[in-house]
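Enquirer: Fold the following and give me the result.
(3 chains)
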Amino acid sequence: MPAVMIAQVAVEQTAIYFDKGYDYLVPPSMQETALPGCRVLVPFGRGNRKRQGIVLSVRQETALESIKPIAAVLDKAPLLSNELLSLGKWLREKTYCPQFDALKAMLPAGMSLRLVASYAIAPDVAPERMETLAPEERRIVQHLADSGAHVERERLLEIMGLSPESDLPEQLVKKGFLTRSDDSVRRIGDATVKMVRLALSDEETQALLEGKLTPKQREVVTLLSQAGGASVKEVCYFAACGVSVVNTLVRKGVLEFYANETYRAPVKERPAQDAGSIRLTDEQQKAFEQLLTQYQAGGGVSLLYGVTGSGKTQVFMRLADEVLKLGRAVLVMVPEISLTPQTLSLFYRRYGGQVAVIHSGLSLGERLDEWKRIKNGQAKVIVGTRSAVFAPCEDLGLIILDEEQEHTYKSESSPRFHARDVAKFRVKWHKALLLLSSATPSLESFYQASRGRYTLNRLETRYGDANLPAVSVIDMRLEPPGTGNALSGPLVEELQENLQAGRQSILLLNRRGYNTFASCRSCGEVVTCPNCSISMTYHTANGQMMCHYCGHMQPFTTKCSHCGEDQVRYSGFGTQRVEQELIDRLPGARILRLDTDTTMTRDSHERKLGSFAKGEYDIMIGTQMVAKGLDFENVTLVGIVSADQSLFSDDYRSYERAFALFTQVVGRSGRGKHAGRAVIQTYTPDHPVIALAARQDYDAFYKSEIASRKTMLYPPFCDLCLVGFVGREEEKVQAGAREFLHELKEVAQRDYPKLPLRVLGPAPAVVCKVAGKYRYRLLLKCRDTAEFRRFLMGLLVSFGKKRGFSEVTAYADMNPEGIL
DNA sequence: AGCACGCCGACT
DNA sequence: GTCGGCGTGCTC
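Expert: Below is the predicted model:
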């Protein structure tokens, strides 16, 4: 028997329960190119339909069994190194995702390929058989016979004037008139935003508005005649209509679509301007030296705990200098790129053309370019968000995870990884240093540092000896009842004073419109989304109620759908509501509202922050994002409108999050020459977390919180694994969760008697129904060990194979950030 | 998941 | 007698 080459391939569209490395024959013509890390096209399943795959490994073997050959190699050179292939395997084991999905997460989105079906006339179709076909079918066959070529499905259906979902070509394949092939590969194009504008002249538009239009059409036309162009999404939002209205107007020739690249290009010219030496304070110098020593000794993980304004970035830069000198790459991870423009520009100024940026604000093409620059070694300093942790550096020396406690580092969709864990894998591989940095470290990280698993460095001096702001806690119970005001008297007075002194203020709200629900004063019924079981939010801009989960909109009405009384009122306060109150109570103040509603286009965010910095506004009001990394000299007052909502969300981490948030917000005030003040409004003024945040006392907070985690058995003293169940029928989802639990108990008892395990649930998820699908969950208090992973993977595989629960999908999420 | 094969009911 | 329903098992 002659030896043949066999490639093990990770195939796309597999579920975890039948996911494995599939063996394929490497034909002689591909032996030079079908290397590990390359994408290939392989026949899969009974029908041998083509699927994409990634070669995991190649080996020689004597051919015994019949084995299918690889159909094509899609890349000239491997996209993934050995390191990243290994990381992919690790990712699959840790996050219970299919191998292909794990690897795909490491590739830039601009590289994704889509398989396209195309059809051609089958050989030897007897003309008389054509008679048996319906006219529609005959047209298709005739067209393909005439053209004599393969035609892509989409184009064929368009030419034939059929709907894109039509089943006719497939039927004709079954009947033997056509052949189908799936090896046509198309690059997924850049995501452009679909824009719409008026197609008529001003006079024509005017005439149209005087003529007959439906009310919604009139609304849209009026809106666009004022706004010029807008994205379809925006038009629908502000005109409170569906896309069909826009489509109709386009068909009538009143409007036209156009594409818009809303993304900003990464900085094109990149001269390094600021390559001089960095002056470190004694404290910074000490941290830097310790870190450098650790790096030279083979790296590992270190926590840099530095209070706000202690100059952590200076330390990063000095370390990066040293690592770059040795020709190794530096990866700088930030939680959200738009919140750290300062950090980004600092790195640009210092390292110029060596910098690459990776984040979702780039177009697909730009992301691809940056990825290539990293892969070929042109870019050695990579700044990016979560997905940048997979940057294809060949030789990595340093990874910095800035604001390491941020939840954005955890992926909430498959593969559900934490960038911190991936970074740990990578520094181990490269013998590099991982630097976790924060002013309010996660309990987990500080715990690891305190027991010596990570080294710890502290920066405790605020830059320029700026003082902490004076914090006053306002007891909202003492406010006169019945005013419905979100802002207390003392806070409004402070704002007034600040306004008169020509200084700026920042107000923090928890979530956009979190509390702006509408309820009936008569029967208490809350207006709830018909698709998702959550209360809807009132939006002033268009007078609509909106569901933040599925996007459903409906007009606000005072008539209660439950009791029929005319008593529905909206209450609570979202950002829009507080904005209105500020307008009423502080006439003349210039107010900037910053939240995801007003931040529809990406760079408007930065523009707004820019104009706030220039002093074009007096008061900025916003959600969490106002708390992050912004440094405005003239801000001397910050207010937390409602501390209680952060403190009392139903999550074991709510104190930790609230402490971090309050600490950051309070730290925003008084960063310049002037002393700062902070106001915290609450109904529980004696809550210890409030006092600790006011003093910025992390150590005391850590001490009390870690003690409670230990007694209550929460991370870091265990791991918390969520097993989620999703499906269209509530009973089946619930039954699935029960069945899973049943088997879990059985298998644990029989095969894993020593595994530490406590099970909570099954329970419906907090938001039980999202976009027509029901969700249940089990919560496992466990230890994330290899043995536990084998146990859970076994259960997931076995559940997936169960015929009776095929409409229910189960997934696992280790230490999720939020438990929705 | 997706797809083909197979074994039962409604039909020319 | 055949077409097509969806239950069942497999994917190198």
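
Enquirer: Closest residue of the stretch 701-820 of chain A to DNA strand C?
Expert: Of all residues in the stretch 701-820 of chain A, the one sitting closest to DNA strand C is A:R803 (5.2 Å; CB to the nearest atom of the strand). (Each C-beta comes from the backbone N, C-alpha and C, glycine too.)

Enquirer: ah, wrong one, I meant the stretch 151-300 of chain A
Expert: A:K174 (8.1 Å).

Enquirer: Please list the residues of chain A that sit near DNA strand B.
Expert: A:13-15, A:18, A:45-47, A:49, A:800, A:806-807, A:809 (CB under 7 Å from any atom of the strand).

Enquirer: Would you mind giving the secondary structure of the residue of chain A positioned farthest from its centre?
Expert: For chain A, the largest distance from the centre (CA atoms, centre = their mean) belongs to A:E128, which lies 57.2 Å off. Classification of A:E128 by DSSP: H, G, I helix; E, B strand; the rest coil places it in helix.

Enquirer: just to revisit the earlier point, so among the residues of chain A next to DNA strand B, which ones count as buried?
Expert: By neighbour count, with 16 or more other CB atoms under 10 Å, those hold A:14, A:800, A:809 as buried.

Enquirer: if I pick the second one, what's in contact with it?
Expert: Pointing back at A:G800 there. By CB atoms under 8 Å, 6 or more residues apart in numbering, A:G800 lies in contact with A:15-18, A:810.

Enquirer: If we use 10 Å, what do you get?
Expert: A:G800 makes contact with A:15-19, A:806, A:808-810 under the criterion CB atoms under 10 Å, 6 or more residues apart in numbering.

Enquirer: from the chain's centre, how far out does the helix or strand where it lies sit?
Expert: If you go by DSSP states H and E, A:G800 is part of helix A:786-801. Put simply, helix A:786-801 sits 27 Å off its chain's centre (CA atoms, centre = their mean, to the nearest Å).

Enquirer: Is DNA strand C within reach of that helix?
Expert: No. Helix A:786-801 lies apart from DNA strand C when judged by CB under 7 Å from any atom of the strand; the minimum separation is 7.9 Å.

Enquirer: nearest spatial neighbour of A:R92, skipping sequence neighbours?
Expert: A:A102 (4.7 Å; CB to CB, 6 or more residues apart in numbering).

Enquirer: Tally up the residues packed near the one you found, please.
Expert: By the criterion of other CB atoms under 10 Å, A:A102 has 26 neighbours.

Enquirer: same deal with the one 10 residues further on?
Expert: The burial count assigned to A:S112 is 13, neighbours taken as other CB under 10 Å.

Enquirer: Then A:R668?
Expert: 25.

Enquirer: isn't it right next to A:L468, touching?
Expert: No. Look at A:R668 against A:L468 with CB atoms under 10 Å: they stay out of range, at 11.7 Å.

Enquirer: Flag every buried residue along the longest helix along chain A.
Expert: Assignment by DSSP state H gives helix A:730-751 as the longest helix of chain A. Neighbour-count burial for helix A:730-751 flags A:732-737, A:739-741, A:744, A:747-748 (criterion: 16+ other CB under 10 Å).

Enquirer: Pick out the residue of the stretch 1-150 of chain A closest to DNA strand B.
Expert: Counting by CB to the nearest atom of the strand, the stretch 1-150 of chain A gets nearest to DNA strand B through A:G47 (2.7 Å).

Enquirer: again, but for the stretch 251-400 of chain A
Expert: Going by CB to the nearest atom of the strand, DNA strand B is nearest to A:L364 of the stretch 251-400 of chain A, at 22.7 Å.

Enquirer: returning to what we had before: what would the residues of chain A next to DNA strand B look like in a markdown table with distance to A:A449 and pLDDT?
Expert: As requested, those are exported to a markdown table (distance: CB to CB, whole Å; pLDDT from 0 to 100):
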| residue | distance to A:A449 | pLDDT |
| --- | --- | --- |
| A:Q13 | 42 | 94 |
| A:T14 | 40 | 96 |
| A:A15 | 39 | 94 |
| A:F18 | 42 | 95 |
| A:G45 | 50 | 92 |
| A:R46 | 54 | 89 |
| A:G47 | 55 | 86 |
| A:R49 | 51 | 91 |
| A:G800 | 39 | 93 |
| A:S806 | 46 | 87 |
| A:E807 | 46 | 88 |
| A:T809 | 38 | 93 |
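
Enquirer: of these, closest to A:A694?
Expert: Checking those against A:A694 with CB to CB, the nearest one is A:T809 at 45.6 Å.

Enquirer: Give the closest residue to that closest one in space, chain neighbours not counted.
Expert: Nearest non-adjacent residue to A:T809, counting by CB to CB, 6+ apart: A:V726, 5.3 Å away.

Enquirer: Tell me if I'm right that that neighbour and A:F805 touch.
Expert: No. In this structure, A:V726 is not within contact of A:F805 by CB under 10 Å, at 11.4 Å.

Enquirer: Please enumerate the shared neighbours of these two.
Expert: By CB under 10 Å, 6+ apart, A:V726 and A:F805 have these common neighbours: A:733, A:736.

Enquirer: hang on, the earlier thing: want to throw the buried ones among the residues of chain A next to DNA strand B into JSON lines with distance to A:T557?
Expert: What follows is these, written out as JSON lines (distance: CB to CB, whole Å):
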{"residue": "A:T14", "distance to A:T557": "48"}
{"residue": "A:G800", "distance to A:T557": "45"}
{"residue": "A:T809", "distance to A:T557": "37"}
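
Enquirer: Closest one to A:H562 out of those residues, please.
Expert: Lowest distance from A:H562 to those (CB to CB) belongs to A:T809, with 33.4 Å.

Enquirer: Would you quantify the distance from that closest one to A:V173?
Expert: Going from A:T809 to A:V173 by CB to CB, to the nearest Å gives 30 Å.
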